[in-house]
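Asks: With the sequence up front, the predicted model follows.
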Amino acid sequence: MSTNTIHFLETLGASPASADGAYADAVAALPVAAEQRAALLGRDAGALARLLEARPTMICMVVAPNADVPAEERGDDDHETNDPPIDPTQPHAPDSVM
Amino acid sequence: MSGRGTLACVGTGMMLGAHLSPRARSTIAAADVVFVAVSDALVELWVQGMHADVRSLQPYYRDGRSRHETYRQMVEAVLAEVRAGRTVCAAFYGHPGVFAGVAHAAIAQARAEGHAASMEPGISAGDCLYADLGIDPGALGCQHYEASQFMFYRRRIDPSAYLVLWQVGVAGDRSAARSGTGPGHRRLLLGRLLEDYPPGHCITLYEAATLPITTARMEEMPLSGLVDADLLPQTTLVIPPAVALKPDLEMLDRIARLDRAGQQRAATATPPQGTPHVDEYHPFP
């Protein structure tokens, strides 16, 4: 169950770092599906998120600069590279964030 | 139901399970409705498990939409519940008000409309940065800027202090609608930084860990490597001091003269009869 996994992560987050052996034993004892256990043992956050059906894409920017300067144009003004726009429909594995 | 609602904006900290304060947790639990804007999908699941009515603010982000509009819609979504007379909690990753404008805007609007609103501090990515990189901002000083704002406006940089640029992955984006900017924008940023730092100056790309099963990104490289570095929206650029502190000799001289004048006054002052003399400069002989 996802609640068991999330609760395990919460407990882990609140505890001092433990030795790898203790971590593996704790994961082995969890009442979770084999796939989740494998993701935890592999410390694979992306796989874990997919298995728990978490939101596929997360945007982590909650601030935008106050650009009061005149904007010549909106849109792609970088002609040397293709800059990707935000696409929340595309899968995005959770990652360490700001 | 309508009338006077309340709004409390709290921070979940950066890491699942590690940084949520007791006050933030109890505020979430006691709310009628919780809005959440966190950076990790598993953290969002964690918050959703704390309350029966947790509403993600993620759907307000849209491909090609300016984040200014996104944030405006987020604020309206939160305020709608406050105006309905509910006890509202808005939970943001890290600290709700550090390089995060939505909570500040929501609180200001709520108060302007006569509702009680407050912010609880949280552990920000910057706090994690200090801990992970072993930086005391008080030792040499630390300047923090949003990377694009740093490019849009002239700032006076002190290269004898730390310089931290947030959201460097979208540096130079005037539309506020991109998830990343490319080498062209980074060359412009690099050019600006080269005014104060040499190209070989060692910098760090930092991303705080959000899960106890992951580790923080702390990638060192020369400043010149910024153009081709792998930058994400959550990447923070840390530039350590490049020069030693420069004494302000004129100020130090003024302070010395002031101190001498004070000592002379203390030496010549006549205390009231019966009052023990206290040397303010040497109170403990």
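Replies: Perfect, thanks for sending it.
Asks: Averaged pLDDT, the lengthiest helix in chain A. What do you get?
Replies: Longest helix in chain A, counting residues (DSSP state H): helix A:2-14. In this model, helix A:2-14 has a mean pLDDT of 93.
Asks: ok, residues contacting that helix?
Replies: Outside helix A:2-14, the residues that touch it by CB atoms under 8 Å, 6 or more residues apart in numbering or on different chains are A:23, A:26-27, A:30-32, A:36, A:40, A:48, A:52-53, B:15-18, B:42, B:45-46, B:49, B:211-213. The way it works is simple: take the backbone N, C-alpha and C, and place the C-beta from them, glycine included.
Asks: show me where pLDDT drops low in chain A?
Replies: A:1, A:17-19, A:69-98 (pLDDT under 70).
Asks: So which of the contacts of helix A:2-14 belong to helices?
Replies: Using DSSP H, these in helices are A:23, A:26-27, A:36, A:40, A:48, B:42, B:45-46.
Asks: In JSON lines: those residues, plus distance to A:G13 and neighbour count.
Replies: Shown next, in JSON lines, are the ones in helices among the contacts of helix A:2-14 (distance: CB to CB, whole Å; neighbours: other CB atoms under 10 Å in any protein chain shown):
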{"residue": "A:Y23", "distance to A:G13": "13", "neighbour count": "17"}
{"residue": "A:A26", "distance to A:G13": "13", "neighbour count": "15"}
{"residue": "A:V27", "distance to A:G13": "15", "neighbour count": "21"}
{"residue": "A:Q36", "distance to A:G13": "17", "neighbour count": "20"}
{"residue": "A:L40", "distance to A:G13": "13", "neighbour count": "25"}
{"residue": "A:L48", "distance to A:G13": "14", "neighbour count": "27"}
{"residue": "B:L42", "distance to A:G13": "11", "neighbour count": "24"}
{"residue": "B:L45", "distance to A:G13": "13", "neighbour count": "23"}
{"residue": "B:W46", "distance to A:G13": "9", "neighbour count": "24"}
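Asks: Identify the farthest-apart pair in the residues you listed.
Replies: A:Y23 and B:L45 (20.5 Å; CB to CB).
Asks: Work out for me the element B:P247 sits within.
Replies: Taking DSSP states H and E as the definition, B:P247 sits outside all helices and strands.
Asks: And for it, the neighbour number?
Replies: 8 (other CB atoms under 10 Å in any protein chain shown).
Asks: now swap in B:M221 and tell me
Replies: Residues near B:M221, counting by other CB under 10 Å: 13.
Asks: The one 3 residues further on too?
Replies: Here the number of neighbours of B:S224 (other CB under 10 Å) works out to 15.
Asks: and the gap between it and chain A?
Replies: Per CB to the nearest CB, to the nearest Å, B:S224 is found 17 Å from chain A.
Asks: Assign that residue to helix, strand or coil.
Replies: When classified by DSSP: H, G, I helix; E, B strand; the rest coil, B:S224 comes out as helix.
Asks: Could you pull up the residues touching it?
Replies: Counted by CB under 8 Å, 6+ apart, B:S224 has contacts B:190, B:199-200.
Asks: Would you mind giving these as a markdown table with neighbour count and distance to B:R72 added?
Replies: Output for the contacts of B:S224, formatted as a markdown table (neighbours: other CB atoms under 10 Å in any protein chain shown; distance: CB to CB, whole Å):
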| residue | neighbour count | distance to B:R72 |
| --- | --- | --- |
| B:L190 | 18 | 33 |
| B:P199 | 12 | 40 |
| B:G200 | 9 | 43 |
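Asks: filter those down to the ones close to chain A.
Replies: Applying CB under 8 Å from any CB of the partner chain to the contacts of B:S224, one finds that nothing falls near chain A.
Asks: Just give me the neighbour total for B:P121.
Replies: Based on other CB under 10 Å, the number of other residues close to B:P121 is 15.
Asks: hang on, B:P96 packs against B:A105?
Replies: No. B:P96 is beyond contact range of B:A105, at 11.2 Å (criterion: CB atoms under 8 Å).
Asks: who's more crowded, those two?
Replies: The residue with more neighbours, out of B:P96 and B:A105, is B:P96; 27 against 16, by other CB under 10 Å.
Asks: Please work out which residue of chain A is closest to chain B.
Replies: Here chain A gets closest to chain B at one residue, A:G13, 2.4 Å apart by CB to the nearest CB.
Asks: quick revisit: the inter-axis angle of the longest helix of chain A versus helix B:41-48?
Replies: 100 degrees (axes from the mean of the first three to the mean of the last three CA atoms, to 10 degrees).
Asks: Now do the buried residues in helix A:2-14.
Replies: A:2, A:5-6, A:8-10, A:12-13 (16 or more other CB atoms under 10 Å in any protein chain shown).
Asks: Put the alpha carbons of it into PDB.
Replies: Taking C-alpha atoms only, helix A:2-14 is exported to PDB below (Å, rounded to 0.1, in the frame of the first residue of the first chain):
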ATOM      1  CA  SER A   2       1.200   3.500  -0.800                       C
ATOM      2  CA  THR A   3       0.500   4.700   2.700                       C
ATOM      3  CA  ASN A   4       3.000   2.100   4.100                       C
ATOM      4  CA  THR A   5       5.700   3.300   1.800                       C
ATOM      5  CA  ILE A   6       5.000   7.000   2.400                       C
ATOM      6  CA  HIS A   7       4.900   6.300   6.200                       C
ATOM      7  CA  PHE A   8       8.200   4.500   5.900                       C
ATOM      8  CA  LEU A   9       9.800   7.400   4.000                       C
ATOM      9  CA  GLU A  10       8.400   9.800   6.600                       C
ATOM     10  CA  THR A  11      10.000   7.700   9.400                       C
ATOM     11  CA  LEU A  12      13.200   7.500   7.500                       C
ATOM     12  CA  GLY A  13      13.300  11.200   7.000                       C
ATOM     13  CA  ALA A  14      12.800  11.800  10.700                       C
END
